[in-house]
Structures are given as C-alpha cells and as structure tokens.
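Asks: this one's structure only:
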C-alpha cells in the first residue's frame with residue numbers, strides 16, 4: 001500500500017474537530033457511460049458558484065494502468081499518468097487511447113511510498129521541449145531531473161529517457177514520506193514538495209528545520225536548461241537561515257499541492273501522523289511560511305499537551321480518522337462542465353475513497369469541515385486537472401482513471 005499515514009498514537013489530548021457533512025445525494029456513486037470530453041469555454045469565477053455543490057459521479061476514461069499515482073496535463077487534451085514503477089503514460093480521456101510518454105523504470109525504486117512521484121511539462125511546451133520529473137532513485141533517494149521530448153499536433157507527448165539531466169538529489173533517511181508533487185506556479189517558477197524524510201513523528205526534526213530540504217516545498221528557477229537557479233525572492237536565498245531552495249516548511253508528507261488558476265492561491269494537502277488530516281491554503285507571496293509540523297498535527301498540538309502557535313500557519317480545513325487515514329490533495333475546480341462546483345477545492349481520502357470539498361473562499365480564521373461530495377470505493381492516489389480545468393482521479397487499486405462529472 002502507498003500513501004498511508006503512520007499509525008503512531010497522537011500524544012496530545014484531542015480537541016474539537018469539525019465533522020464532515022454530506023449534502024443530499026452525496027452517498028450515491030453513479031457511473032455514466034463514457035463519452036466525449038465535456039466542453040469548457042466559460043471564464044472561471046473567483047467565488048464559489050454554490051454554497052452546496054451538486055451531486056457528482058465518476059466516469060471511467062482509462063483503465064489497466066499499473067499503480068497510477070500522478071496526473072498531469074498536456075496540450076491537445078492529453079493527460080499524463082504516472083505509474084509508480086517508473087512509466088509515464090499519455091492518455092486521451094476522450095477515446096481512451098494511450099501511449100508511453102516516458103519509461104525510466106530501469107532507474108526508479110518502486111514500492112511503498114517510492115516511485116515515479118511527479119512530472120510536469122514546461123509551461124511553454126512543446127516550444128520549450130523540457131519536462132521535469134521527480135522520482136525515487138535506485139538507492140531510494142529523491143531525484144529531480146530534466147528530460148527533453150516533443151509533441152506533434154494532436155499526437156501524445158513523448159520524452160527521451162536518454163536525455164536525462166539530473167538537477168537535484170536529496171538523500172532519504174527512511175523509505176516513506178517522499179512527497180512528490182511538481183508544478184509550475186503563476187510566477188513561472190518550478191515548485192517541488194518533499195516530505196519530512198519518514199519514520200513516524202519526524203524523529204530527525206526535519207519539519208521545523210528550514211536548513212534541510214526535507215519537510216518543505218522548494219521553489220526553483222529553471223529558465224535555463226540543464227540547471228536550476230535560486231529565485232532572488234526565495235525567503236532563504238542568502239543561505240544564512242535556511243536552505244536556499246526552500247520556500248515553505250513545516251510539512252510532514254505533502255501528498256499533492258496545486259495552484260488555483262483564478263486566484264493563484266497555493267493549496268497543500270498534508271498527510272497526518274495518527275489523528276488529523278489537513279489542508280493548507282496560502283496566498284501568493286507568503287514566503288518562509290511555517291506550516292507547523294511537528295509542533296502541530298493539523299490544528300492540534302503534537303509533541304506536547306500545550307504548544308505555541310505563534311508564527312505558524314494553521315490549516316484551512318482538516319478531518320479526523322473516522323473519515324479516513326490519508327488525504328490526497330486536489331484542485332480548485334475552474335472548469336465549466338459541472339454547474340455549481342466552480343470555486344470549490346476538491347480532495348479525497350486514500351483509505352475511505354471519499355471525495356470531499358471546501359469552498360475556496362473559506363474564512364481562514366477557523367478550521368473548516370470538508371463536505372463529503374461522493375462516497376466511492378476507490379483508492380484515490382491522485383487528482384489531476386486537464387488544460388480546461390476539468391478534474392480526474394486515479395484509483396491505485398484498480399488502475400482506473402475517471403473524470404469527475406455531474407451525478408444523477
């Protein structure tokens with residue numbers, strides 16, 4: 001199994017956590033027959049378009065993937081599905097066509113929480129023919145590499161496995177909590193998530209140590225091929241108080257982050273230790289933010305009965321273990337196919353299979369309760385967005401990729 005949280009007992013007394021709620025129809029899993037991709041030509045709104053989203057369903061668009069754990073978008077409506085073992089497969093969600101985009105299984109350590117963890121094409125792809133890949137190397141350490149490739153009109157993207165240039169490596173002291181997400185921000189920089197290095201309870205103290213890359217989200221300037229530079233406005237760019245690559249820290253195992261296409265806000269889902277799963281929302285420019293782990297787990301003290309939250313950014317939403325055991329981060333919906341869903345942040349729990357949502361304009365002064373939007377039996381390992389803002393989920397157990405569509 002991948003992505004599950006550690007099961008160590010929370011050493012602090014529990015505090016009140018809001019329970020998840022269910023709108024009418026949320027418990028129904030409806031699977032319409034596959035069809036053409038929905039059109040999307042409406043401009044997104046910034047505010048959520050409804051106080052209660054409509055019923056949702058999953059529509060299968062691809063099957064028989066081997067342990068899919070990541071989804072990225074490509075021109076022409078293609079999705080790129082990361083298989084844990086080291087293969088990236090291009091998928092046309094309109095007709096189910098597939099083609100291998102990249103195969104680096106010969107250099108990828110796979111199993112548990114290791115594997116092909118992240119992939120993103122350059123924003124100017126295919127004019128800029130580079131893609132960036134985050135995977136577990138043969139020794140289990142983190143590798144960030146650049147690959148070159150191409151994509152002809154209407155054809156799937158392809159990347160040359162022999163073109164690899166390694167940009168960054170990071171030793172992993174344990175086999176879990178590797179993070180994985182890669183994404184380009186609205187600022188044009190490459191952002192990368194790393195977990196705290198693993199084990200349970202963060203025994204090395206990585207979360208509260210900005211001098212290590214572990215337990216952080218990195219921000220890199222990859223405008224020049226073959227290397228990365230440090231953006232001048234990174235919070236520790238001078239290297240005196242933290243690692244120069246680090247932009248945010250205090251994370252345990254950020255399993256997927258994304259940027260709201262309308263507001264630029266950063267949404268991070270951080271897998272909890274043993275009691276609380278959390279989602280964080282940050283405004284652009286919150287450089288150096290400390291998200292609390294392992295002083296806090298969610299909005300709760302972790303290491304001691306009492307703790308100070310001074311200087312910490314607390315989650316915008318969280319849920320307890322009666323809902324699930326491992327949060328899978330998603331996206332703020334900005335598509336046009338589902339009326340009433342625009343402006344909602346969608347996420348899932350890997351263990352329960354529930355899809356949940358939080359209004360993107362939720363008041364950050366209190367911790368919100370996610371709303372259960374759809375109960376499924378899927379092992380949701382990833383939620384991805386295509387280039388029109390429509391959302392898809394990957395089911396690790398069945399190898400199925402599904403589009404989120406209106407329910408009955």
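Replies: Thanks, I have the structure now. A quick note: this is a predicted structure, and the numbers were derived from the prediction, not measured.
Asks: Could you give the average pLDDT over the helix or strand hosting residue 267?
Replies: Assigned by DSSP states H and E, residue 267 belongs to strand 266-270. The pLDDT scores in strand 266-270 average 98.
Asks: pretty sure residue 173 contacts residue 197?
Replies: Yes - between residue 173 and residue 197 there is a contact at 4.7 Å, judged by CB atoms under 8 Å. In short, each C-beta sits where N, CA and C put it, glycine included.
Asks: Which residues are in contact with each of the two?
Replies: Shared contacts of residue 173 and residue 197, defined by CB atoms under 8 Å, 6 or more residues apart in numbering, are found at residue 204.
Asks: Would you mind telling me which of the two has more residues around it?
Replies: Under the neighbour definition other CB atoms under 10 Å, residue 173 and residue 197 were set side by side, and residue 197 has more, 27 against 15.
Asks: Name all residues that make contact with that one.
Replies: Counting by CB under 8 Å, 6+ apart, the residues that residue 197 touches are 172, 173, 174, 177, 204, 206, 212, 214, 215.
Asks: Could I have the buried ones of those residues as ChimeraX selection syntax?
Replies: Entered in ChimeraX, the line below selects the buried ones among the contacts of residue 197, by 16 or more other CB atoms under 10 Å:
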select :172,174,177,204,206,212,214,215
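Asks: Out of the contacts of residue 197, which two sit at the greatest distance?
Replies: Spatial extent of the contacts of residue 197 (CB to CB) is set by the pair 174 and 212 at 13.7 Å.
Asks: now stretch 315-334: how far from the chain's centre is it?
Replies: Mean-position distance between stretch 315-334 and its chain equals 11 Å (CA atoms, centre = their mean, to the nearest Å).
Asks: next one: stretch 204-218
Replies: Averaging C-alpha positions (CA atoms, centre = their mean) puts stretch 204-218 18 Å from its chain's average.
Asks: Same question for stretch 396-408.
Replies: The mean C-alpha position of stretch 396-408 is separated from the chain mean by 17 Å, CA atoms, centre = their mean.
Asks: List the buried residues of that stretch.
Replies: Across stretch 396-408, burial judged by 16+ other CB under 10 Å covers 396, 398, 399, 400, 401, 402, 403, 404, 405, 406, 407.
Asks: all helices for the stretch 251-400 of the chain, in order.
Replies: Using DSSP state H, counting those that start in this stretch, the stretch 251-400 of the chain contains no helices.
Asks: Wait, a helix at residue 106?
Replies: Yes - judged by DSSP: H, G, I helix; E, B strand; the rest coil, residue 106 forms part of a helix.
Asks: Now do the SS call for the residue nearest to residue 195 when sequence neighbours are not counted.
Replies: Spatial nearest neighbour of residue 195, excluding adjacent residues (CB to CB, 6 or more residues apart in numbering): residue 177 at 3.2 Å. At residue 177, secondary structure determined by three-state DSSP is coil.
Asks: surely residue 177 meets residue 198?
Replies: Yes - with contact defined as CB under 8 Å, residue 177 reaches residue 198; the gap is 4.2 Å.
Asks: and for those two, which residues touch both?
Replies: residue 113.
Asks: So what's the residue count around the closest residue to residue 183 other than its chain neighbours?
Replies: Spatial nearest neighbour of residue 183, excluding adjacent residues (CB to CB, 6+ apart): residue 191 at 5.3 Å. When neighbours are counted by other CB under 10 Å, residue 191 registers 21.
Asks: quick one: which of the contacts of residue 197 is nearest to residue 325?
Replies: Residue 325 has its nearest neighbour among the contacts of residue 197 in residue 177, at 14.6 Å by CB to CB.
Asks: quick one: the closest one from residue 269, how far?
Replies: Distance, residue 177 to residue 269, by CB to CB, to the nearest Å: 14 Å.
Asks: got it, and residue 66?
Replies: Using CB to CB, residue 66 is found at 24 Å from residue 269.
Asks: With neighbour numbers in mind, choose between those two.
Replies: Shown here are residue 66 and residue 269; by other CB under 10 Å, residue 269 has more neighbours (28 against 15).
Asks: what sits against the nearest residue to residue 359 once chain neighbours are set aside?
Replies: Distances taken as CB to CB, 6+ apart place residue 48 nearest to residue 359, at 4.7 Å, with adjacent residues excluded. Neighbouring residues of residue 48 by CB under 8 Å, 6+ apart: 342, 343, 344, 359, 360, 361.
Asks: ok, 6 Å please
Replies: Residue 48 sits next to 343, 344, 359 when contact means CB atoms under 6 Å, 6 or more residues apart in numbering.
Asks: Spatially, what comes nearest to the most centrally placed residue in the chain if we skip its sequence neighbours?
Replies: Residue closest to the average C-alpha location in the chain (CA atoms, centre = their mean): residue 256, at 1.3 Å. Leaving aside its sequence neighbours, residue 256 sits nearest to residue 329 (CB to CB, 6+ apart; 3.2 Å).
Asks: how about that neighbour, what does it touch?
Replies: Residues in contact with residue 329 (CB under 6 Å, 6+ apart) are 256, 257, 269, 347.
Asks: again, 7 Å this time
Replies: Each residue near residue 329 by CB atoms under 7 Å, 6 or more residues apart in numbering is listed here: 255, 256, 257, 258, 267, 268, 269, 347.
Asks: now the residues you listed as CSV including distance to residue 374?
Replies: CSV is the format used below for those (distance: CB to CB, whole Å):
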residue, distance to residue 374
255, 19
256, 18
257, 22
258, 19
267, 19
268, 22
269, 17
347, 12
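Asks: Which one of these is nearest to residue 228?
Replies: Set against residue 228, the nearest of the contacts of residue 329 by CB to CB is residue 257 (18.5 Å).
Asks: Many thanks, I have nothing further to ask.
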